[in-house]
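Q: Next one to model:
(one chain, ligands or ions: 1)
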Amino acid sequence: MEHHSGGSGTNKNKQMVEQLQRYGVISSKKVVEVMETIDRALFVPDGTPAYVDSPMAIGYNATISAPHMHATCLQLLEENLQPGMHALDVGSGTGYLTACFATMVGPQGRAIGVEHIPELVASSIKNIEKSAAASLLKGGSLSVHAGDGREGWPEHAPYDAIHVGAAAPEIPQPLIDQLKPGGRMVIPVGKIFQDLQVVDKNLDGSVSIRSETAVRYVPLTSRDAQLKGY
Ligand code: SAH
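A: Next comes the predicted model:
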């Protein structure tokens with residue numbers, strides 16, 4: 001439960017962002033701005049505590065990532081989310097990060113979410129419609145699609161930024177192919193023990209990969225495997 005006399009939800013969202021700054025998770029002003037603009041409460045199921053720093057179940061054996069993971073990924077991708085750039089969010093779930101990406105790349109950019117559970121695609125669109133990113137959805141620079149994100153979304157490739165919100169046993173080749181030279185992908189890789197990997201495509205097309213931190217995400221898998229509980 002939230003015990004601050006914070007008033008409105010937007011204030012509580014702001015307090016959550018301030019806490020992430022105090023803990024040293026967020027140092028970027030752009031990330032502060034976007035996380036203040038997109039109210040997390042609009043993206044969690046009714047009755048779920050929105051501002052607690054923990055992942056939450058969203059149905060279909062999926063979760064919304066914890067605020068500190070969203071912040072970490074936004075910060076790792078910040079330079080590749082500048083106005084006019086193209087961003088792909090694989091396993092977009094609630095649509096929270098897709099909305100953040102769309103806000104950062106702006107109406108001249110492009111933010112694409114790909115999610116393989118059609119019900120989550122539908123609810124994420126409803127969430128985004130209530131958020132500060134609604135006009136971007138309406139204007140067409142933000143869209144969410146049902147599909148297998150392991151194939152990426154070739155239509156708007158190449159991407160400056162690719163985020164994968166579920167852990168892959170290995171990095172899917174189509175995602176590497178759809179990364180622009182100079183582009184960056186952030187992807188959890190591994191089965192039970194996973195690393196958040198940062199994949200930079202160099203200007204000559206080669207890739208450099210480093211591990212940022214140990215993480216625990218739901219798997220990037222087939223819809224059947226996920227609905228059966230893996
Ligand atoms: N970033 C999202 C994370 C949701 S959890 C959020 O914070 O809301 C990971 C999501 O990946 C789930 O919604 C799951 O349904 C989806 N997913 C798993 N495998 C997938 C695949 N092969 N293609 C597309 N989406 C997938």
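
Q: Could I get the full set of helices for this protein?
A: Along the chain, counting by DSSP state H, helices occupy 9-22, 29-37, 67-77, 96-105, 118-130, 134-139, 173-177, 223-227.

Q: buried ones in the second one?
A: In other words, helix 29-37. For helix 29-37, burial by neighbour count (16 or more other Cβ atoms under 10 Å) applies to 30-32, 34-35, 37. The way it works is simple: take the backbone N, C-alpha and C, and place the C-beta from them, glycine included.

Q: Show the pLDDT at the residue positioned nearest the centre of the chain.
A: Closest to where the C-alpha atoms of the chain average out (Cα atoms, centre = their mean) is Leu97, at 3.4 Å. Looking at Leu97, its pLDDT stands at 98.

Q: Kindly report the same for Tyr159.
A: So Tyr159 comes in at 99 (pLDDT).

Q: With Met1 instead?
A: If you check Met1, the pLDDT there is 43.

Q: Where does pLDDT dip in this structure?
A: Residue ranges of the chain with pLDDT under 70: 1-7, 230.

Q: Count the neighbours of the nearest residue to Thr10 once chain neighbours are set aside for me.
A: Once flanking residues are discounted, Thr10 sits nearest to Asp39: 5.8 Å by Cβ to Cβ, 6 or more residues apart in numbering. Residues lying near Asp39 (other Cβ atoms under 10 Å) number 23.

Q: backbone phi and psi for Asp39, please?
A: phi -80, psi 120 (degrees, to the nearest 10).

Q: Check whether it really touches Ser131, as I assumed.
A: Yes: using Cβ atoms under 8 Å, Asp39 is in contact with Ser131, at 6.6 Å.
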